[in-house]
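> I'll drop the sequence and a predicted model, then ask my questions.
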2 protein chains.
Amino acid sequence: MDYKQALVGLLGEERVSTNLTMLEHHSHDESYHTPHLPDVVVFPQTAEEVSQIMKLANEKRIAVTPFGMGTSLEGHAIPYAGGISMDFSLMNQVLQVRPKDFLVRVQPGVTRTQLNKELKKHGLFFSVDPGADATLGGMAATNASGTTSVRYGVMRDQVRDLEVVTADGRIIRTGSMTAKSSSGYHLTGLFVGSEGTLGVFTELTLRVYGIPEATTAARASFPSVQDAVDTVVDILGAGIQVARIELVDERSIQQVNLYKETSYPEAPTLFIEFHGSEQGLAYDIDFAQNIADGHGCTQFLFETDSKARLQLWDARHNLAYAFLHKSPGKKLMVTDVCLPISELAGAVVDARQAIDRAGLDGAIAGHVGDGNYHAILMIDLNDPEEVARAEEVNAHLVEYALSRGGTCTGEHGVGVGKIKYQRKEHGEALDVMQAMKHVLDPNGILNPGKIFGK
Amino acid sequence: MDYKQALVGLLGEERVSTNLTMLEHHSHDESYHTPHLPDVVVFPQTAEEVSQIMKLANEKRIAVTPFGMGTSLEGHAIPYAGGISMDFSLMNQVLQVRPKDFLVRVQPGVTRTQLNKELKKHGLFFSVDPGADATLGGMAATNASGTTSVRYGVMRDQVRDLEVVTADGRIIRTGSMTAKSSSGYHLTGLFVGSEGTLGVFTELTLRVYGIPEATTAARASFPSVQDAVDTVVDILGAGIQVARIELVDERSIQQVNLYKETSYPEAPTLFIEFHGSEQGLAYDIDFAQNIADGHGCTQFLFETDSKARLQLWDARHNLAYAFLHKSPGKKLMVTDVCLPISELAGAVVDARQAIDRAGLDGAIAGHVGDGNYHAILMIDLNDPEEVARAEEVNAHLVEYALSRGGTCTGEHGVGVGKIKYQRKEHGEALDVMQAMKHVLDPNGILNPGKIFGK
């Protein structure tokens, strides 16, 4: 029997699709990577169903690629080997909120904004904010982070427990509901960031936080990128609990001014957000401003009212749009290296020079508390020569980072785009990773072609 | 050639010992677990030497048990299969401090107090404080934590990169110097807590923090354990950044009063430490006191001066001594379960009842922000019946925790003492862990008999 027929036997006609529009929707993510159609899309509703599908796929050697919202940026969700695209949109329940434990149990298809809407009723919020409204399963699969990780940590820091279906259909739990454990190997941390190559997530237990009493936003301009980064180092060293601290370079602010007809100081700029109590924040901001002044800060503004805060951060929010507006028809290629903070200023300045040298343009924005920055390059996908130049810039930024103790991807993951840097970054540790992949997925059916290549 | 002769060939006579006193020193840890002699103790000085030793041991099928300071509490450092005890006391250099990156590179034999002495020169400190002056290699091997993890996290949260020698002698690096990465599998997190069963650490890159401007200690008494725990939940929910928050139960305070001739209120007591700026702390303490009052707090004292702080925490520090003093000749058996915080109060009350029922005595102290508590039982190791009763209590506490989403060990690790609970806690995930062990150590030479048993 054809395996698609067997899938219909498991799930029924209505949850197994070979409709071309449906296949096309599952053929791409938000990146510039080449789409590829799956052979079939399935919509499981329970871990037991996922287990049955995995057993079938493992027996028949059919590739399985999990699919959340398709917001990945390195081709993770693209089923290059065809086979099954496993869509989690029907597993989208918030199963349990445990306010006293600061925990929530969710199905993998729940999105970040959906979760926060539910948590708000309890005075809680989920901290990881990668920008896109991704699913929590997808965010765990790529170890997503974003603007808030400087304070609250990355996705891996929030995941307490995973229910995982392995390639052979076993349903395992990797952790517990506790804040810490020294029992057995840390499988939770291993599965987080494994990009669907070690198992499929069917439930997540996540850490959540109390909504802070007050939030204040600030914007500060500096003579140089180095001054801005030095300010960040001193703020972190003083133990001031910034919730977000973002760097935008001079050229990027210029473009926002052109696009929005604004007159922001065209200088390296920090966008900061503070979470805390009202009284505590007043002190924190004062302290941070003193530090910034010591590094030549030319303008320091802050706002507590939520609307005014948005306006203060406007240039940060409009970054990508400002460049897209300038280059109609072009697509975004987003780089994602991360370095030790002491190397970040040099890396950002070097990145801008590399972009200029290549005759390209784009924004540079950094999660500067983490040492992570993105160059958002505008490229014409129909111009292979321009794509090649952008890829050269990307490769140059990765080389720069790796030679200074950095990583080729701070938060987007490997997918297919960063495979070529894995050996350079990990050396013989890559063989250890591949041995683990092989022992958990001997037939290579779990998201084949990702992280390690073919 | 005898493998011990080959070891002498590698390291020279002076760094290979079969002296009985030396073997005995490496035959035990600080726990009640039965000692066992290694056949030989080696003192490597470089990763390259460790690699040579591992290649030899792997070829000859000789067990290798890493040894730091021998402060483990579940028999981790005891070489039950004989063979080689690998002592890291000659690999005890702080290799590099990177103040701007809040990072330090150390060899595995560096102890926690040695590191903090070095870091102080840079205005930095290392956060994990398990009590004992353990080596950092040992602390990483057990994923140690202690009183400060409520704010700064556990050992796994501090380790950015490990240099690991595998069973076959490969020298790999598991991470990078960056604050985050989504590149490849999270091997760092997997090796941390692996208790010497997956590889031997030869270098660690650790996260460090700026020394806070001010520290304040507080002590608060409550009508019940539940009131104390509810206070903790509200403090955490409000986002107040407590650095330590410890619970001690009524019986334990009574014993301190008897031992020290003090008159602390004999009630469930919270010991709290706040780190921050002077102004911020004044506000935090006020806020915390208001929360405590709302839960019936009968006495709330705080001190900022360092000597007065010590005195305020005196009852917490003297806990174990107070019970040892009462029971001369007895030894400590320390339990270590961890639960979701909502289950902690019930667990602590139940633990005291179980200890009473068993006709035993001992302190109960909890890292209450983590849901982790210890019953420190006084037992006569020459009285098998008393040892059996203590082990029954331990088993009861583990059962209680596991049935409520907890773990059998919050911070001490599995060693040999928690092997019997691994299947119950991890289910089929234990098979996944064993598969990983087998792929990395096919000959079973790395700390055999730990975590999984024989």
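In hand now; what should we look at? Residues are numbered from 1 along each chain as shown, chains lettered A, B, ... in the order given.
> Centre-most residue in chain A?
Of all residues in chain A, the one closest to the mean position by Cα atoms, centre = their mean is residue A:144, 3.2 Å from it.
> so what's the closest residue to that one other than its chain neighbours up against?
If the residues on either side of it in the chain are set aside, residue A:144 comes closest to residue A:130, at 4.3 Å by Cβ to Cβ, 6 or more residues apart in numbering or on different chains. Any C-beta I mention is one placed from the backbone N, CA and C, and that applies to glycine too. Residues near residue A:130 by Cβ atoms under 8 Å, 6 or more residues apart in numbering or on different chains: A:112, A:139, A:144-146, A:411.
> And these, which is the shakiest by pLDDT?
Minimum pLDDT across the contacts of residue A:130 is recorded for residue A:146, with 93.
> The nearest residue to that residue once chain neighbours are set aside in helix, strand or coil?
Residue nearest to residue A:146 in three dimensions, not counting chain neighbours: residue A:130, with 4.1 Å by Cβ to Cβ, 6+ apart. Here residue A:130 is coil, with the state taken from DSSP: H, G, I helix; E, B strand; the rest coil.
> Look up how far residue A:174 lies from residue A:130.
22 Å (Cβ to Cβ, to the nearest Å).
> and what of residue A:191?
Residue A:191 is 6 Å from residue A:174, where distance means Cβ to Cβ.
> Quickly list what's touching both of the two.
With Cβ under 8 Å, 6+ apart as the test, residue A:191 and residue A:174 both reach A:162, A:164.
> List the buried residues of the longest helix anywhere in chain A.
In chain A, with assignment by DSSP state H, the single longest helix is helix A:384-402. Going by neighbour count (16 or more other Cβ atoms under 10 Å in any protein chain shown), the buried part of helix A:384-402 is A:386-387, A:389-391, A:393-394, A:396-398, A:400-402.
> how about residue A:301, phi and psi?
phi -120, psi 150 (degrees, to the nearest 10).
> Could you count how many residues lie near it?
Around residue A:301 there are 12 other residues, counting by other Cβ atoms under 10 Å in any protein chain shown.
> Quickly list what it is bridged to.
When bridges are called by DSSP bridges, residue A:301 pairs up with residue A:219.
> Assess the claim that it and residue A:314 are in contact.
No. Judged on Cβ atoms under 8 Å, residue A:301 makes no contact with residue A:314 at a distance of 11.7 Å.
> helices or strands up against the helix or strand residue A:275 falls within?
Residue A:275 belongs to strand A:269-276 when assigned by DSSP states H and E. Counting contacts by 3 or more Cβ pairs under 8 Å, 6 or more residues apart in numbering or on different chains; DSSP states H and E, strand A:269-276 packs against strand A:214-221, helix A:225-237, strand A:242-248, helix A:278-294, helix A:314-317.
> same thing but 7 Å
If you count contacts as 3 or more Cβ pairs under 7 Å, 6 or more residues apart in numbering or on different chains; DSSP states H and E, strand A:269-276 packs onto strand A:214-221, strand A:242-248, helix A:278-294.
> next SSE after the second one?
As assigned by DSSP H and E, the chain's next helix or strand after strand A:242-248 is helix A:250-260.
> now for that next one, which elements pack on it?
Using 3+ Cβ pairs under 7 Å, 6+ apart, the elements in contact with helix A:250-260 are helix A:319-326, strand A:362-367.
> Please see if the last one touches chain B.
Same thing as strand A:362-367. No. Strand A:362-367 lies out of reach of chain B by Cβ under 7 Å from any Cβ of the partner chain, never closer than 8.6 Å.
> as a whole number, average confidence for that strand?
For strand A:362-367, mean pLDDT is 95.
> the inter-axis angle of that strand versus helix A:225-237?
Relative orientation of strand A:362-367 versus helix A:225-237 (axes from the mean of the first three to the mean of the last three Cα atoms, to 10 degrees): 20 degrees.
> After strand A:362-367, which helix or strand is next?
Downstream of strand A:362-367, the next assigned helix or strand under DSSP H and E is strand A:372-379.
> Other residues contacting that next one?
Residues outside strand A:372-379 that contact it (Cβ atoms under 7 Å, 6 or more residues apart in numbering or on different chains) are A:319-320, A:323, A:327, A:330-336, A:338, A:344, A:347-348, A:351, A:355, A:360-366, A:386-387, A:390, A:393, A:397, A:410-411, B:180.
> Mark which of those residues are buried, thanks.
Among the contacts of strand A:372-379, those buried by neighbour count (16+ other Cβ under 10 Å) are A:319-320, A:323, A:330-336, A:338, A:344, A:347-348, A:351, A:355, A:360-366, A:386-387, A:390, A:393, A:397, A:410-411, B:180.
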